[in-house]
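Asks: I would like to see how this sequence folds:
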Amino acid sequence: MSAPKRTQPTWECPSGVEPPRLKLHNSLTRQKELFVPQSGKKVSWYSCGPTVYDSSHMGHARSYISFDIMRRVLQDYFGYDVFYVMNITDIDDKIIKRARQKHLFASYKEEANSIDQVVQDASAALEKLMAKFEKETMAEKKDMQSRIIAKVSEAIKVAKGGSDSSKQAAQELAEKCVDVLADWLDSRLGHTVTDNSIFLSLPRHYEVEFHDDMAGLNILPPDSLTRVSEFVPEIVTFIQSIITNGYGYESKGSVYFDVAKFDTTPNHHYAKLVPEAYGDAEALAEGEGDLSTGEDKLREKRSSNDFALWKASKPGEPAWPSPWGMGRPGWHIECSVMASYVLGSSLDIHTGGVDLKFPHHDNEMAQAEAYYGNDHWVRYFLHAGHLNIQGQKMSKSLKNFITIREALSTHTARQLRLAFLLHSWKDTLDYSTETMKVALTYEKMVQEFFLNVKAMLRNQSSSGVDLLQKWGQDELELNNAFLAKKQAIHEALCDSLDTRSVMDTIRELVAVSNVYIKKKGENKMTSNAYLLKLIACYISKMLQTFGASSKDDMTGSGGQDATGTGNVEDTVMPYLEAFSDFREAVRKVAREQNVKELLLLCDGVRDSVLPNLGVRLEDVDGQRPLIKLVDRETLLKEREEAERQKNEEAERKRKEKEEREKKEAAKEAQNKIPPSDMFKNEMDKYSKFDEKGIPTHDGAGEELTKNQLKKLQKMYQDQEKKYNTWMKKQENAAGGNK
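Replies: You can find the predicted model right below:
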């Protein structure tokens, strides 16, 4: 009988846990929704770009740093193939007005010869602003206008009282009054500006500056950039189709979108993002632009809710040909056309600032869906939160803003990005001294961890099998914490790209690692440098994913050497290690032979010489010193801060000593007073005393009550004890001197 065949046992698939999937907070539903791109791993993304009429500011940084972080995470962490499109708005009411004002003021200033004429014109311009001030109801605007009025009034007053009537004085006065003169000149002469190049040169200048600022912030450039001025023919064609579809109408050379017609058509819905804002006259007027409002414009519309697709140009405005006459595009139609031109009839993601929700983004969707006849032009609308400056709402119109260049003059791009990463991308961010202090502390925390791990790797065998040590219980616990933190970070990123929780988890991971290092050191044991390297490299990679990496991170280059061919750290470290070992040998001999001068010299090299070379040397009991390459400026600032704290501590101790001495002196002076004399300095309060010197009558001659006498007798007895103790102390001292 043949032996039975042996077979493999039945295998069962583990039940496991369903891994988290990416969800994004979608403004279209006001909740987190599962992210499902329409074409597999391909993601079409359109982001509203800037209106380039002035320098870019931290409000722009709030949006574009946030979107850059999100884009990098989708690409580099989740592995999506993102196609990112951004526009530049270079035709807009703000641009037209600013271009005219700059042109007219430059001409005025150049021709200003009479200071009396400038005083007269500035006074007229000031009256115009004061009339606006009287009608203004918004407190912030009134405050801004009040400051301008005070500044210009003072300049006019000084000019009237002065004797300098030169051309230079006239030009200087004009410059001081530019805030009122520019608007006044535009109201009088704006219609005379007819050269289209004036309206194009201003936005081109600020567009170049904007791209430089984005590069300075380490923001990836878009895959495709669109400019309104290059899409006017496509915009005209798009508008014609909207009219053909029944959702647009011409009126006096302008074309308007018929909101009511669109909203009442099945499968269409107006104001998807902010339905409660439907009919908000103030928001709608702001969306139309400063040059496109007023009673005459309202009369051109079938409804006040309708908005301009095409604006008939007035004198002093740029113009392009169209079937409805010379004109220019409305603000909202620009994005609808350019995004559709590049990305088609339905976008996976559309991003912009939260202040653009209504009417701009709602109008964008209405126009595109009217054109395509669909109801899903945007699948996921993501809005970055507001930015406050030191707790106050940032507003360019209120002159309460900080330019990106100003911000980069005080903090690095990495530090700004860390501040943003430590906050939710969709919530309000307060750009303040305290916010940046937190970001700087975070940066130092991770950098110190990287430097410590690098130093440990150098002090141990940094390659080969010697680095792979057996794990003990401490290593198992640290690795378990590492795996748990990695899982928490993944879950946070799946939870609508929650970088705040990610950064908190990284902080916790560094803290756990530092506890492990400290415990090993206290027990005179060697830390497992390889495990720490794995943790540090993971953190470094996450920072790199966020666009917040540094040359000093674990995955960084460490900077090139002078020849440009090698890594600075690899080049200089053998020399630094040799010097450090020599210094340790000198310190050992100096301690053994008690040569304090040598120890002081060794400390001086560590504290004064090496920091100037960008080297931090940290002495560790029982181990080789830790060598860290750190930016020279950072080390010098650290040294200055340490010196400042040392001086503050010395001053605090001096004041405490002085205060103690004052109290002791006062106490000594009080103890020296004989009890019979203690009330003699209070003759205004007391008029009669007994044989001991205790008061019996008050200042008015009235006899003191029993309770009052009792209190005074108690005070007398206390002083008597103090005085007797002091006398005994003096007698003992005198006896000791004999």
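Asks: after the helix or strand hosting S63, next one along is what?
Replies: In this assignment (DSSP states H and E), S63 forms part of helix 58-72. For helix 58-72, the succeeding helix or strand toward the C-terminus, using DSSP H and E, is strand 81-88.
Asks: pLDDT of that next one, averaged?
Replies: For strand 81-88, mean pLDDT rounds to 98.
Asks: just the buried residues of that strand, please?
Replies: Residues V82, F83, Y84, V85, M86, N87, I88 are the ones in strand 81-88 that count as buried (16 or more other CB atoms under 10 Å). Where C-beta positions appear, they are placed from N, C-alpha and C, glycine not excepted.
Asks: for stretch 374-392, same thing?
Replies: Burial within stretch 374-392, assessed by neighbour count using 16+ other CB under 10 Å, is assigned to 377-389.
Asks: quick one: distance of that stretch to the chain centre.
Replies: Stretch 374-392 sits 17 Å away from the centroid of its parent chain (CA atoms, centre = their mean, to the nearest Å).
Asks: thinking again about what came up before, give me the subset of the buried residues of stretch 374-392 lying in strands.
Replies: Within those, membership in strands is found for V378, R379, Y380, F381, L382, H383, A384, L387, N388, I389, as judged by DSSP state E.
Asks: circling back: now do the helix holding S63 against strand 378-384, angle only.
Replies: 130 degrees (axes from the mean of the first three to the mean of the last three CA atoms, to 10 degrees).
Asks: if we can go back for a sec, tabulate the buried residues of stretch 374-392 (TSV), appending distance to G248.
Replies: Rendered in TSV, the data for the buried residues of stretch 374-392 read as follows (distance: CB to CB, whole Å):
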residue	distance to G248
W377	16
V378	20
R379	25
Y380	27
F381	23
L382	28
H383	27
A384	31
G385	34
H386	33
L387	35
N388	39
I389	40
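Asks: pLDDT-wise, what's the bottom of these?
Replies: Sorting the buried residues of stretch 374-392 by pLDDT puts I389 at the bottom of the list (90).
Asks: now for it: which residues touch it?
Replies: M58, N400, F401, I402, D430, Y431, S432 (CB atoms under 8 Å, 6 or more residues apart in numbering).
Asks: I'd say the fourth one and S56 touch.
Replies: So that's I402. No - here I402 does not reach S56: they are 10.7 Å apart, not a contact under CB atoms under 8 Å.
Asks: who's more crowded, those two?
Replies: Using other CB atoms under 10 Å, the more surrounded residue of I402 and S56 is S56, with 23 against 17.
Asks: is it true that L291 touches D92?
Replies: No - judged on CB under 8 Å, L291 makes no contact with D92 at a distance of 9.5 Å.
Asks: centre of the chain versus stretch 57-64, how much separation?
Replies: 9 Å.
Asks: which residues does it contact?
Replies: Contacts of stretch 57-64 (CB under 8 Å, 6+ apart): 47, 50, 210, 213-214, 217, 219, 351-353, 384-387, 389, 394, 396, 401-404, 407, 416, 420, 429, 431.
Asks: among those residues, which lie within helices?
Replies: If you go by DSSP state H, the contacts of stretch 57-64 have F210, D213, M214, I404, A407, L416, F420 in helices.
Asks: any idea how far the fifth one is from Y431?
Replies: As judged by CB to CB, to the nearest Å, A407 and Y431 stand 8 Å apart.
Asks: the fourth one now?
Replies: Counting by CB to CB, the separation of I404 from Y431 is 11 Å.
Asks: in terms of neighbours, single out the busier of the two.
Replies: I404 (25 against 21).
Asks: where exactly do the strands run in the stretch 351-500 of the chain?
Replies: With DSSP state E, counting those that start in this stretch as the criterion, the stretch 351-500 of the chain has strands at 378-384, 387-389, 392-393, 429-431.
Asks: quick one: closest of these to G16.
Replies: Distance to G16, taken as CB to CB, is lowest for strand 378-384 among the strands of the stretch 351-500 of the chain, at 28.7 Å.
Asks: partners of the closest one, with directions?
Replies: Partners of strand 378-384 in the sheet, by DSSP bridges, are strand 347-353 (parallel).
Asks: average pLDDT across the helix holding S63?
Replies: Rounded mean pLDDT across helix 58-72 is 97.
Asks: again with stretch 502-516
Replies: The pLDDT scores in stretch 502-516 average 98.
Asks: same check on stretch 237-249?
Replies: The pLDDT scores in stretch 237-249 average 98.
Asks: numbering from 26 from now on, please.
Replies: Noted, 26 is the first residue going forward, which turns the last one into stretch 262-274.
Asks: can you list the buried residues in it?
Replies: Buried-residue list, stretch 262-274, by 16+ other CB under 10 Å: F263, I264, Q265, I267, I268, Y272, G273, Y274.
Asks: looking at the residues you listed, which is nearest S132?
Replies: Using CB to CB, the buried residues of stretch 262-274 come closest to S132 at I264, 35.3 Å.
Asks: list the residues that contact the nearest residue to T524 once chain neighbours are set aside.
Replies: Of all residues not flanking T524 in the chain, L446 sits nearest, at 4.6 Å (CB to CB, 6 or more residues apart in numbering). The contact partners of L446, taken as CB under 8 Å, 6+ apart, are I94, T524, R525, V527, M528, F571, A573.
Asks: and K653, by the same measure?
Replies: Applying CB under 8 Å, 6+ apart to K653 gives the contacts L476, N477, K479, A480, V640, R641, L642, E643.
Asks: CSV for these, including distance to L518, pLDDT and neighbour count?
Replies: Below are the contacts of K653 laid out as CSV (distance: CB to CB, whole Å; pLDDT from 0 to 100; neighbours: other CB atoms under 10 Å):
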residue, distance to L518, pLDDT, neighbour count
L476, 27, 91, 19
N477, 27, 92, 20
K479, 27, 90, 25
A480, 31, 88, 23
V640, 37, 90, 21
R641, 33, 89, 20
L642, 38, 90, 20
E643, 34, 87, 12
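Asks: now, the most widely separated pair of the residues you listed?
Replies: Among these, N477 and V640 lie farthest apart (CB to CB), at 15.0 Å.
Asks: what about I542, helix or strand, and which?
Replies: According to DSSP H and E, I542 maps onto helix 524-547.
Asks: buried set for that helix?
Replies: For helix 524-547, by 16+ other CB under 10 Å, it's 524-525, 527-532, 534-535, 537-538, 541-542, 545.
Asks: nearest to K682 among those?
Replies: Ranked by distance to K682 (CB to CB), those are led by I542 at 38.3 Å.
Asks: nearest residue to that closest one other than its sequence neighbours?
Replies: That would be S552: by CB to CB, 6+ apart, it lies 5.2 Å from I542.
Asks: phi, psi for that neighbour please.
Replies: phi -70, psi 150 (degrees, to the nearest 10).
Asks: you'd agree it is up against V540?
Replies: No - counting by CB under 8 Å, V540 is not a contact partner of S552; they are 11.2 Å apart.
Asks: quick one on the thing from earlier: want to throw the contacts of L446 into TSV with distance to K754?
Replies: Compiled in TSV, the contacts of L446 are given as follows (distance: CB to CB, whole Å):
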residue	distance to K754
I94	72
T524	68
R525	64
V527	67
M528	63
F571	70
A573	67
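Asks: low-scoring stretches of this protein, by residue?
Replies: 26-28, 421-424, 486-489, 576-577, 580-591, 761-763 (pLDDT under 70).
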